[in-house]
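# Sequence first, then the predicted structure:
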Amino acid sequence: MKEILLYVALYAVVSFFFVSKVYALVQVGVLLVYPVLKLYNSEKGKAKWMKWFFYLYYPIHLIIIGVLRICIHGDVNLLF
C-alpha cells in the first residue's frame, strides 16, 4: 500500500508542474483516503438501512445529473 502512496504522490507532483494545479490537488485527495482505509477492521457493518439508502441514492443521483446535463447543454445525444 505504501508503494501506491508513493506513486500517487509522484503523479500529483508531476501533475502540479505539468498538467494542472487543481488536478494535482484532486490527486492529493486520493492520499487522504489511506487513513480511512487503515480504520477498516474487516467486519461487515451493522447498519441495514445503508443498503437501501444506496439502492435509492445511486439511480436518483444519476437522474439528477442527467436532468442537469439536459438543462445546461440542451437536447443532446444520450451516448456522445
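Good, I have the coordinates.

# make it CA atoms for all contacts and neighbour counts henceforth
OK.

# Nearest the geometric middle of the protein, what residue?
residue 30 (8.7 Å; Cα atoms, centre = their mean).

# so what's that one scoring on pLDDT?
Looking at residue 30, its pLDDT stands at 83.

# could you say which helix or strand contains it?
Using DSSP states H and E, residue 30 falls within helix 21-31.

# can I get the CA coordinates of the helix or strand just after that helix in PDB?
Once helix 21-31 ends, the next helix or strand along the chain (criterion: DSSP H and E) is helix 33-38. C-alpha atoms of helix 33-38 as PDB (Å, rounded to 0.1, in the frame of the first residue of the first chain):
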ATOM      1  CA  VAL A  33      -8.200   8.000   1.800                       C
ATOM      2  CA  TYR A  34      -5.400   6.000   3.200                       C
ATOM      3  CA  PRO A  35      -6.000   6.800   6.900                       C
ATOM      4  CA  VAL A  36      -9.700   5.900   6.500                       C
ATOM      5  CA  LEU A  37      -8.800   2.600   4.900                       C
ATOM      6  CA  LYS A  38      -6.500   1.800   7.800                       C
END
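
# Would you tell me which helix is longest in the chain?
In the chain, ranked by residue count with DSSP state H as the criterion, the top helix is helix 49-73.

# So for that one, mean pLDDT?
Averaged across helix 49-73, the pLDDT comes to 91.

# Show residues contacting it.
residue 76 (Cα atoms under 8 Å, 6 or more residues apart in numbering).

# so how far is that helix from its chain's centroid?
Remark: helix 49-73 is offset 15 Å from the chain centroid, using Cα atoms, centre = their mean, to the nearest Å.

# With that, I have no additional questions.
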